[in-house]
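Trainee: here you go, sequence then predicted model.
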Amino acid sequence: MTGTPPEAAPGQGTELPAPEPEGQGQPVDPGPAVAAPAAPPGARRPPRPRRQPAGPDGAVRNGGPSLASAAAARFAGGWPFGRVIGIGLLIVALFSLLAIGVGGAALADQASARDRVVNTLDPAAYHASQLQVQLLNQETGVRGYELSGQPGFLAPYREGLAGQRYEAGKLRQLLGGMPGTVAELNQVLQRVKIWQNSYAEPTINHMSATGRPAPGGAVGEGKADFDQIRAALAVLQANLATQRKQAVDSLHGSASLLDATLVVIACALLATVLVLAFGLWRSAILPLSRLAADARLVAEGDFGHQVEPGGPREMRAVGMDVNRMRERILAELSALRAAHASLETRTEDLQRSNSELEQFAYVASHDLQEPLRKVASFCQLLQRRYAGRLDAKADEYIEHAVDGAKRMQALINDLLAFSRVGRTAQHREPVSCAVLLAQAWANLAADVRRTHATIEVGELPVVLGEASLLTAAFQNLVNNTLKFHGDEPPRVTVTARRDGEFWLFSFSDNGIGIEPEYAERIFVIFQRLHDRATYPGTGIGLAMVRKIVEYHGGRIWLDTAVTAGSRFWFTLPALPEDENADG
């Protein structure tokens, strides 16, 4: 909302949204304007003294608000609300980056320690133990073969050789970053090579060639070599266990550091949130609550209440806008009251006009028809008594008078019926369209017998409406078919189907049809497409049908795609229970 704010009277407390220097946004108590001594050019205007808060006994207490309150007040009064939000978001962003950095470093250390234990040392210890098993299998196979001489006992030895190569390869992959441990592994494999070359292979070859075990000295040397393998393997496993213990201790330390880091981050986050929440409450929520209270008073109808804006610049601008809106509402309310008074005057004029129209309808239906009936009666009496006694011209004149009086009576009756549609509303109730159509057909029984007309009716629904008006609508449609028929006897077909929230009715016949260019004209009152001598009538029938259908919330139109005969479509709202049943 733009525009120049209205001038505030002294003592109303309205503040103009003028820019303020930073650090001088203290709220000022509203009061009468007092002339102040002029300050020298370029000098900063000293701030107004603030009123000290009074205690319960009314005495003024020394000392100002707390440091946080004073900072929040300066923070709120001197800065726009966008800057307040921006600084708060900046603080949160910096804190988030710091927390992410520290927490990420601690988490990375923990992940590195866990990876060393889980993916390096534990698998290395497992494969070292499996290497020991494979070496024991080799020793067991060689001894069994040496004692029994059966080649089948060499199966563990050969499986042990394959297992040794596999486990040694795995250990080299896992211990690639630990040169000392790799050296110990090489020491183990070197001793294994010595044992195999000095004892295992010679023993197997000797047994294969002679069928007898090797001399006792060779067995003793082989046992000593294998004991050295066990010792080297024990050194390797002990080293792996030591490194695993160190890694587990490092993992526990990383976990403790991560927990401490998370606790510190949580405490710092809580403190930051509390500080920001207090600043937001002091700078925005409190002034907004006051503005909301003032606006609520205005909304409850106290449009004379002056809104006192405060807080950041945007909040004060909103307060000024609310004031302008209040004044505009006052102006529009005055205009609305004037318009309401004018509307009441027009309503009274309309009621008086309706009353006069009802009086006219009464006069037209009683007073005007009475002399018309006399004219028609006496003209018919003259026609019966003096027919053939006068000349042909006299008989023709009398015939014209009788016909004119009858047409005038029919026209007045149709006009009265047309004017009553929707003006004298009756109680609506569920009515069966099949019953109403049968009643309309019975009302035209004489014309039906004269034209040998037939009707074919599908399943018609129950709708909510006025039975008399809907019967009149069906009767006018049937009468239109009986009147405008061709050489064949009239045949009427009436069906209905559901179309969303409406029932869609089809009313077709085999008559002379209607050209598409007259699809709208036929529904206009007094519009005729044929001369009165060929097709008598007042030209009100279809106009009344449209008025009745629209009064019930539907619409009617001519199907211009039909070339043989004519077809009318019209809709009527479905009953609520029918809608629920379909849903």
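Mentor: Here it is on my side, so go on. Since we're looking at a predicted model, the values are computed, not measured.

Trainee: tell me the helix or strand right after the helix-or-strand element of the chain with minimal mean pLDDT.
Mentor: The weakest-scoring helix or strand in the chain, judged by mean pLDDT, DSSP states H and E, is helix 67-78 (a mean of 47). Using DSSP states H and E, the helix or strand that follows helix 67-78 in sequence is helix 81-116.

Trainee: quick check: G104 vs T261, distance?
Mentor: Separation of G104 from T261 (CB to CB, to the nearest Å) stands at 10 Å. Quick note: C-beta positions are derived from backbone N, CA and C, even for glycine.

Trainee: and if you look at V463?
Mentor: Using CB to CB, which is the criterion applied here, V463 is 75 Å from T261.

Trainee: the more surrounded of those two?
Mentor: More crowded of V463 and T261, by other CB atoms under 10 Å: V463, with 24 against 17.

Trainee: name the SS class of the more buried one, please.
Mentor: Put simply, V463 is strand when judged by DSSP: H, G, I helix; E, B strand; the rest coil.

Trainee: neighbours of H340, how many?
Mentor: Number of residues near H340 (other CB under 10 Å) recorded here: 10.

Trainee: when you give positions from now on, start the count at 49
Mentor: With the count now opening at 49, the last piece we talked about shows up as H388.

Trainee: that one: what's it in contact with?
Mentor: Contact analysis of H388 by CB atoms under 8 Å, 6 or more residues apart in numbering lists nothing.

Trainee: any idea how far S382 is from it?
Mentor: 11 Å.

Trainee: so where's the stretch 49-198 of the chain uncertain?
Mentor: Low-confidence segments of the stretch 49-198 of the chain (pLDDT under 70): 49-127, 129.

Trainee: again, but for the chain
Mentor: If you take pLDDT under 70 as the line, the chain has these spans: 49-127, 129, 262-267, 359, 402-403, 405-417, 451-474, 573-587, 626-631.

Trainee: show me how far whatever helix or strand A325 lives in is from its chain's centre.
Mentor: Assigned by DSSP H and E, A325 falls within helix 264-328. Remark: helix 264-328 is offset 53 Å from the chain centroid, using CA atoms, centre = their mean, to the nearest Å.

Trainee: again with stretch 512-528
Mentor: Mean-position distance between stretch 512-528 and its chain equals 45 Å (CA atoms, centre = their mean).

Trainee: buried ones in it, by neighbour count?
Mentor: Buried residues in stretch 512-528, counted by 16 or more other CB atoms under 10 Å: 512-515, 517-528.

Trainee: which ones among those residues are found in helices?
Mentor: 515, 517-528 (DSSP state H).

Trainee: which one of these is nearest L169?
Mentor: L169 has its nearest neighbour among these in L518, at 93.8 Å by CB to CB.

Trainee: and that closest one, how close does it get to L512?
Mentor: Note on L518: its distance to L512, by CB to CB, is 10 Å.

Trainee: list the residues that contact both of the two?
Mentor: Each of V479 lies in contact with both L518 and L512 under the rule CB under 8 Å, 6+ apart.

Trainee: domains of the protein?
Mentor: The chain is divided into the following domains under automatic domain parsing: 137-332, 473-630.

Trainee: who wins for proximity to V423 among the ones you listed?
Mentor: Taking CB to CB, domain 473-630 is the member of the domains of the chain nearest to V423, at 18.5 Å.

Trainee: and the closest one, how far out from the chain's middle?
Mentor: Remark: domain 473-630 is offset 44 Å from the chain centroid, using CA atoms, centre = their mean.

Trainee: sorry, back to before: quick one: the helix holding A325 to helix 129-164, angle?
Mentor: Calculated by axes from the mean of the first three to the mean of the last three CA atoms, to 10 degrees, helix 264-328 forms an angle of 170 degrees with helix 129-164.

Trainee: which strands and helices lie in contact with helix 264-328?
Mentor: helix 115-126, helix 129-164, helix 170-196, helix 227-243, helix 249-258 (3 or more CB pairs under 8 Å, 6 or more residues apart in numbering; DSSP states H and E).

Trainee: so for E565, which of those helices sits nearest?
Mentor: It's helix 129-164; of the helices and strands packed on helix 264-328, that one is closest to E565 (CB to CB) at 65.2 Å.

Trainee: for that closest one, packing partners?
Mentor: Right, helix 129-164 is packed against helix 264-328, helix 361-410 by 3+ CB pairs under 8 Å, 6+ apart.

Trainee: coming back round to it: let me know the closest of the buried residues of stretch 512-528 to E565.
Mentor: Nearest to E565 among the buried residues of stretch 512-528 is N528, at 18.4 Å by CB to CB.

Trainee: quick one: the closest one and Y599, what's the gap?
Mentor: 19 Å.

Trainee: picking that back up, any chance of the helices and strands packed on helix 264-328 in a markdown table with mean neighbour count as columns?
Mentor: Putting those into a markdown table (neighbours: other CB atoms under 10 Å) gives the following:
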| stretch | mean neighbour count |
| --- | --- |
| helix 115-126 | 17 |
| helix 129-164 | 14 |
| helix 170-196 | 19 |
| helix 227-243 | 17 |
| helix 249-258 | 14 |
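
Trainee: reformat those helices as TSV; add distance to L590.
Mentor: Listed next are these as TSV, based on distance: least, CB to CB, whole Å:
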stretch	distance to L590
helix 115-126	73
helix 129-164	66
helix 170-196	96
helix 227-243	106
helix 249-258	120
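
Trainee: which of those helices sits closest to A482?
Mentor: helix 129-164 (69.8 Å).

Trainee: gap between that closest one and the chain center?
Mentor: For helix 129-164, the distance to the chain centre is 34 Å (CA atoms, centre = their mean).

Trainee: and the angle for the helix holding A325 with helix 249-258?
Mentor: 140 degrees.

Trainee: hmm, back to that, out of the helices and strands packed on helix 264-328, which gets nearest to M373?
Mentor: Nearest to M373 among the helices and strands packed on helix 264-328 is helix 129-164 (19.6 Å), distances taken as CB to CB.
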